[in-house]
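Undergrad: Sharing a sequence plus its predicted fold:
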Amino acid sequence: MQAELSCFEPSCRARFPITDILYTCPQCGGLLEVAFTGPSPDPAALKKLWRERRLSNAPLDSSGVWRYREMLPFDGQTHHAVTLREGNTALLDAPHAAAYAGLDALRFKHQGFNPTGSFKDNGMTCGATQARRLGLRRVACVSTGNTSASMAAYAAAAGLEAIIFLPHGNISFGKLAQALEYGARTLQVEANFDQILSLVRTLADRLGIYLLNSINPFRIEGQKTIVVEMLDQLDWQVPDWIVLPGGNLGNVSAFGKALRELHAFGLIPRLPRLGVVQAEGASPFYEFVQQGGEFRPQTHPDTLATAIKIGDPVSWPKAALEIRSSRGAVERVTEQEIADAKAIVGQCGIGCEPASAASLAGIKKLRHAGIIQRGEFVVGVLTGNVLKDPDYIYRYHMGQLRTSSGAAIQPTFGNPPEVVPNAPDTIAKRLNAV
Ligand code: F0G
């Protein structure tokens, strides 16, 4: 479909060509989003086309993002597409996690099955494609680790120069390692994510570098396909709830936009409710939704789930709209709740990184608060792969995990390794003892 950039602010709604290099509205400073123009597609024909493409080996058809290209603002421009066959992530039944949360059933959409191990790939394929379409050579982002890993990979695949800004000492080693391996220029800054984002916005303008944080509307467009693919996998049966972790709040904005568009095009008869879960120490959006009034950023966000350690989320106005229009909910969970939920996801044979486990911890809490009902159809989104943060896992199972203030996390579901002598009798005795 034809598309334009549109200011997200209801009082402005200024429109700009899709090829303008903009991150915020030049007239009012509001967030930008992609707006589609022209006639709506035929929903039955789209469902059939998307299903048929699953049988195709063509690169774009075998990407779980580009398969749904009718939902993306790249009409006639797909020759620029940079794809690592992202998306195509599993939708898994998790009865053990369902029982833990007090539900009859629970499914996980596991975005950690992406090429760089997180949902960021769904958006980055579109961000890198837009950079190529615009003829830009350098791309940059600040990241708590996953965006940078993803950007580094897609920039490398596209032949673009990648510059990454990281909060020094505050990202997992696995994610830092990915940025280095994919060849990105990596700058570790002595500041937190929110401070570095404003630094990078200044530098991007000054140096003419294309910014690929989730403030970039093309990233959001790509992330929409997470729910499009989910619904395709569900044969278009609409869940009652889709629950995901919230940091910078780009993903919930993408999900909400996708669902509203699918509804407007007649692909789904109703909207699921969206649940966003934040870590207690980094929960400005939770506070805002609970208390109303002005949005107040948190200056010292703190959580061991470093992916969502964000105090000033840029996309909060979009997220607020999506929570309102889906009659959704925002929850917050403790460090202990995240750690235990993460171990339960592991016990399902699925596994995820700490931030992702906020989904299950939040579902359990919303269930116990009576907001989610036992028999409801719930999909939890796992945003990152289990191997993203092995240090956290090891510490949890060893009973060594501590918060930044030194409080111990209990290894409720701990499974520490045992050291044994090289002696068959001793080992056999030990193994039969239970
Ligand atoms: N889960 C994981 C694993 C993440 O990496 C992030 C964000 C989120 C959840 C939250 O998503 O920001 O769209 O609300 N990571 C960003 C990064 C900030 O830089 O990798 P959000």
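TA: All right, it came through fine.

Undergrad: Output stretch 117-129 as CSV, nothing but the C-alphas.
TA: Extracted in CSV, the C-alpha atoms of stretch 117-129 (Å, rounded to 0.1, in the frame of the first residue of the first chain):
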residue,chain,number,x,y,z
GLY,A,117,17.9,-14.1,19.1
SER,A,118,15.4,-11.3,19.8
PHE,A,119,12.3,-9.6,18.4
LYS,A,120,14.4,-6.7,17.2
ASP,A,121,15.2,-8.5,14.0
ASN,A,122,11.5,-8.1,12.9
GLY,A,123,11.9,-4.3,13.0
MET,A,124,15.6,-4.1,12.0
THR,A,125,15.0,-5.7,8.6
CYS,A,126,12.7,-2.8,7.8
GLY,A,127,15.0,-0.2,9.4
ALA,A,128,18.0,-1.4,7.4
THR,A,129,15.9,-1.6,4.3
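
Undergrad: do it and the ligand meet?
TA: Yes. Shown here: stretch 117-129 in contact with the ligand (C-beta under 6 Å from any ligand atom) through 118, 120. Every residue, glycine included, has its C-beta placed from N, CA and C.

Undergrad: Repeat that for stretch 150-159.
TA: No. Residues of stretch 150-159 are not located near the ligand by C-beta under 6 Å from any ligand atom, the shortest gap being 7.6 Å.

Undergrad: distance between that stretch and the chain's centre?
TA: Counting by C-alpha atoms, centre = their mean, to the nearest Å, stretch 150-159 is centred 18 Å from the centre of its parent chain.

Undergrad: Also stretch 362-370?
TA: From the chain centre to the centre of stretch 362-370 is a distance of 21 Å (C-alpha atoms, centre = their mean).

Undergrad: and if you look at stretch 411-424?
TA: Centre-to-centre, stretch 411-424 and its host chain are 34 Å apart (C-alpha atoms, centre = their mean).

Undergrad: same check, this time on stretch 233-247
TA: 13 Å.

Undergrad: and it, how far apart are its ends?
TA: Distance across stretch 233-247, first residue to last, is 26 Å (C-alpha to C-alpha, to the nearest Å).

Undergrad: residue ranges of the helices in the protein, please?
TA: 43-53, 95-101, 120-133, 146-158, 173-181, 193-207, 217-233, 250-264, 284-291, 316-325, 335-347, 354-368, 390-398, 424-432 (DSSP state H).

Undergrad: what sits up against the last one?
TA: Pointing back at helix 424-432 there. The contact list for helix 424-432, computed with C-beta atoms under 8 Å, 6 or more residues apart in numbering, reads 418, 420-421.

Undergrad: what number of residues lie near residue 291?
TA: Residue 291 has 9 neighbours, counted by other C-beta atoms under 10 Å.

Undergrad: Distance check, it against residue 340.
TA: Separation of residue 291 from residue 340 (C-beta to C-beta, to the nearest Å): 28 Å.

Undergrad: quick one: low-confidence parts of the stretch 301-434 of the chain?
TA: Residues of the stretch 301-434 of the chain meeting the criterion pLDDT under 70: 434.

Undergrad: Which positions in stretch 289-302 come out as buried?
TA: Burial within stretch 289-302, assessed by neighbour count using 16 or more other C-beta atoms under 10 Å, is assigned to 289, 298, 301-302.

Undergrad: Now do it: everything it contacts.
TA: Residues outside stretch 289-302 that contact it (C-beta under 8 Å, 6+ apart): 192-194, 281-284, 287-288, 309-312, 316-317, 320, 323, 330, 403-404.

Undergrad: which among those end up buried?
TA: Buried subset of those (neighbour count, 16+ other C-beta under 10 Å): 192-194, 281-284, 287-288, 309-312, 316-317, 320, 323, 330, 403.

Undergrad: how far is stretch 177-191 from where the chain is centred?
TA: On C-alpha atoms, centre = their mean, the centre of stretch 177-191 falls 20 Å from that of its chain.

Undergrad: Just the CA atoms of that stretch, as PDB, please.
TA: Extracted C-alpha coordinates of stretch 177-191, given in PDB (Å, rounded to 0.1, in the frame of the first residue of the first chain):
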ATOM      1  CA  ALA A 177      29.800 -10.100  22.000                       C
ATOM      2  CA  GLN A 178      27.200 -10.100  19.100                       C
ATOM      3  CA  ALA A 179      27.900  -6.500  18.200                       C
ATOM      4  CA  LEU A 180      31.600  -7.100  18.100                       C
ATOM      5  CA  GLU A 181      31.200 -10.300  16.100                       C
ATOM      6  CA  TYR A 182      29.000  -8.600  13.500                       C
ATOM      7  CA  GLY A 183      31.600  -6.000  13.100                       C
ATOM      8  CA  ALA A 184      29.900  -2.900  14.500                       C
ATOM      9  CA  ARG A 185      31.900   0.100  15.800                       C
ATOM     10  CA  THR A 186      31.000  -0.100  19.500                       C
ATOM     11  CA  LEU A 187      31.100   2.800  21.900                       C
ATOM     12  CA  GLN A 188      30.500   2.200  25.500                       C
ATOM     13  CA  VAL A 189      29.300   5.400  27.200                       C
ATOM     14  CA  GLU A 190      29.400   6.100  30.900                       C
ATOM     15  CA  ALA A 191      25.700   7.000  31.100                       C
END
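
Undergrad: Could you confirm whether that stretch reaches the ligand?
TA: No. Using C-beta under 6 Å from any ligand atom, stretch 177-191 stays clear of the ligand, coming no nearer than 10.8 Å.

Undergrad: Could you show which parts of the protein are in contact with the ligand?
TA: Residues of the chain found near the ligand (C-beta under 6 Å from any ligand atom) are 118, 120, 143-147, 214, 245-251, 307-308, 353, 355-356, 383-384.

Undergrad: wait, residue 70 sits on residue 47?
TA: No. Judged on C-beta atoms under 8 Å, residue 70 makes no contact with residue 47 at a distance of 10.8 Å.

Undergrad: Perfect, I'm done here.
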